[in-house]
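1. what follows is a protein structure lacking sequence information:
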Ligand SMILES: Cc1cc2nc3c(=O)[nH]c(=O)nc-3n(C[C@H](O)[C@H](O)[C@H](O)COP(=O)(O)OP(=O)(O)OC[C@H]3O[C@@H](n4cnc5c(N)ncnc54)[C@H](O)[C@@H]3O)c2cc1C
């Protein structure tokens, strides 16, 4: 099967091929997982676009999703479980211009892009919860050079990664290989501190800001527009290769037959039994267990006494570092705490604020 590469518009743009000129029997594709802006949904969207442009091949796409919603780890929730309030992002929320897989569909969907305060990851020091006064304090503490030089290095790094979008970039089977292709192996074999210090970035900025940022954590339109048939609440249990097709069985015990399968799930979290060991085994991934805690509070800032602050105010964005642990101290109780803004409407007559907390362990209500 050969499909035209993405070059023109998306599903609505470009030259749609005349359906009557295509092969009679559509190629039947299953996509396992419907994570919103991520692998499964975008695969459905881009494949549907390629099928639309192809003169020979017509694809019939079905998406299987274990959960009852589209989105995977890019999940949103409503405070107090009520749609009367604004939605809050629980998982993916960082949206950077370098992510062309998100930027391009956003343009194709006609979405308006706004800058809520910039990008994390060193590309911009401004982020949600940072006021101009905060920025001034950051510059005073770390110096403008560390900040601007980190931005330059980040851009340089992004330029390496943008090569991934080139059509000439070879396939890769593991991270080590693509890292070598991108000429980044020398970089990944050292710590961030060892890389940045000789480049003149201040130690305080590395330890307090950059480490804090990296400790923090480590969209449904796609599927809708692809026209794919979606099976929600349907977990794929097993895959079997038949002579010409794939047999896919699901939690509802219905057998499905497909010409091609796209396995768009983190395999070791999927519970799927492959028929035979894979030709190249998928190596286990050491996932980080991270708790994302969202809560609302009538307090407009954290308790200052918790941070041993003398004046009666505390910052509404707090990033922690592991510097204390390195010197034999206890682990911080959380990775980051960020006030996300006020609740869009009073709750039981009371103004509230939405707070997001990332932590390596569960945090109780107290
Ligand atoms: C707290 C947090 C914050 C993050 N912040 C950002 C951010 O700001 N910016 C960013 O770009 N990225 C962020 N990420 C990372 C981003 O969420 C992931 O990289 C992305 O969601 C991965 O997409 P995926 O499609 O590979 O997997 P997932 O999103 O995990 O989706 C996999 C899907 O497959 C389904 N599934 C699994 N097994 C089966 C099965 N057997 N049958 C059917 N369906 C199955 C699951 O239900 C799920 O919907 C964040 C992640 C977390 C956890």
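-> That came in fine, so what should we check first? Values in this document were obtained by computation on a predicted structure and should not be read as measured data. Numbering: from 1, shown residues only.

2. where do the helices of the stretch 101-250 of the chain begin and end?
-> For the stretch 101-250 of the chain, helices defined by DSSP state H, counting those that start in this stretch occupy the ranges 132-142, 144-162, 175-181, 185-188, 192-196, 203-204, 211-215, 221-226.

3. nearest to residue 274, of those helices?
-> Nearest to residue 274 among the helices of the stretch 101-250 of the chain is helix 175-181; the distance by CB to CB comes to 21.5 Å. Glycine gets a C-beta too; all of them are placed from N, C-alpha and C.

4. near the ligand at all, the closest one?
-> No. Contact of helix 175-181 with the ligand (CB under 6 Å from any ligand atom) is absent, the minimum separation being 13.9 Å.

5. against which helices or strands is that helix packed?
-> Applying 3 or more CB pairs under 8 Å, 6 or more residues apart in numbering; DSSP states H and E, we find helix 175-181 packed against helix 185-188.

6. from the contact counts, what lies against the helix it packs on?
-> Against helix 185-188 (3+ CB pairs under 8 Å, 6+ apart) you get helix 175-181.

7. mind checking the helices of the stretch 101-250 of the chain for the one nearest to residue 81?
-> helix 221-226 (23.9 Å).

8. list the buried residues of the closest one.
-> Buried residues in helix 221-226, counted by 16 or more other CB atoms under 10 Å: 221, 222, 223, 225, 226.

9. how much space separates the residue lying closest to the second one once chain neighbours are set aside from residue 25?
-> Excluding its sequence neighbours, the residue lying closest to residue 222 (CB to CB, 6 or more residues apart in numbering) is residue 41, at 3.6 Å. Distance of residue 41 to residue 25, given as CB to CB, to the nearest Å: 25 Å.

10. name the element the residue nearest to residue 222 belongs to?
-> helix 39-53 (DSSP states H and E).

11. show me this protein divided up by domain.
-> Annotated domains of the chain cover 19-74+219-269, 132-215, 291-359 [automatic domain parsing].

12. take those and lay them out in JSON lines including mean pLDDT and distance to residue 108.
-> Output for these, formatted as JSON lines (pLDDT from 0 to 100; distance: least, CB to CB, whole Å):
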{"stretch": "domain 19-74+219-269", "mean pLDDT": "86", "distance to residue 108": "8"}
{"stretch": "domain 132-215", "mean pLDDT": "89", "distance to residue 108": "16"}
{"stretch": "domain 291-359", "mean pLDDT": "90", "distance to residue 108": "28"}
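
13. Serialize the ones you listed to CSV and add fields for distance to residue 282.
-> Below are these laid out as CSV (distance: least, CB to CB, whole Å):
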stretch, distance to residue 282
domain 19-74+219-269, 5
domain 132-215, 10
domain 291-359, 26
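
14. tell me how far stretch 241-248 lies from the chain's centre.
-> 32 Å (CA atoms, centre = their mean, to the nearest Å).

15. what's the end-to-end length of that stretch?
-> For stretch 241-248, the separation between the terminal residues is 9 Å (CA to CA, to the nearest Å).

16. the buried residues of helix 221-226: which two are farthest apart?
-> Farthest apart among the buried residues of helix 221-226 by CB to CB are 221 and 226. That separation is 9.4 Å.

17. hmm, back to that, which strands and helices lie in contact with the helix holding residue 41?
-> strand 27-32, strand 59-64, helix 100-108, helix 221-226, strand 260-263.

18. so is it next to the ligand?
-> Yes. Interface with the ligand: helix 39-53 contributes 39, 40 (CB under 6 Å from any ligand atom).

19. now the angle from that helix to helix 100-108?
-> Interaxial angle, helix 39-53 versus helix 100-108 (axes from the mean of the first three to the mean of the last three CA atoms, to 10 degrees): 60 degrees.

20. spell out which parts of the stretch 51-200 of the chain neighbour the ligand.
-> Proximity of the stretch 51-200 of the chain to the ligand (CB under 6 Å from any ligand atom) is limited to residues 64, 65, 66, 67, 72, 73, 74, 91, 92, 93, 94.

21. I'd assumed residue 44 was in contact with the first one.
-> No. The pair formed by residue 64 and residue 44 falls short of the contact definition of CB atoms under 8 Å, at 11.0 Å.

22. overlap of the contact sets of these two?
-> By the contact definition CB atoms under 8 Å, 6 or more residues apart in numbering, residue 64 and residue 44 are jointly contacted by 31, 34.

23. which of those two has more residues huddled nearby?
-> Per other CB atoms under 10 Å, whichever of residue 64 and residue 44 has more neighbours is residue 44, with 29 against 25.

24. quick one: contacts for that one?
-> By CB under 8 Å, 6+ apart, the contact list for residue 44 reads 31, 34, 61, 63, 222, 223, 226, 228.

25. tell me the one of these nearest the ligand?
-> residue 34 (5.9 Å; CB to the nearest ligand atom).

26. is it fair to say the closest one lies in a strand?
-> No. Applying DSSP: H, G, I helix; E, B strand; the rest coil, one finds residue 34 to be coil, outside a strand.
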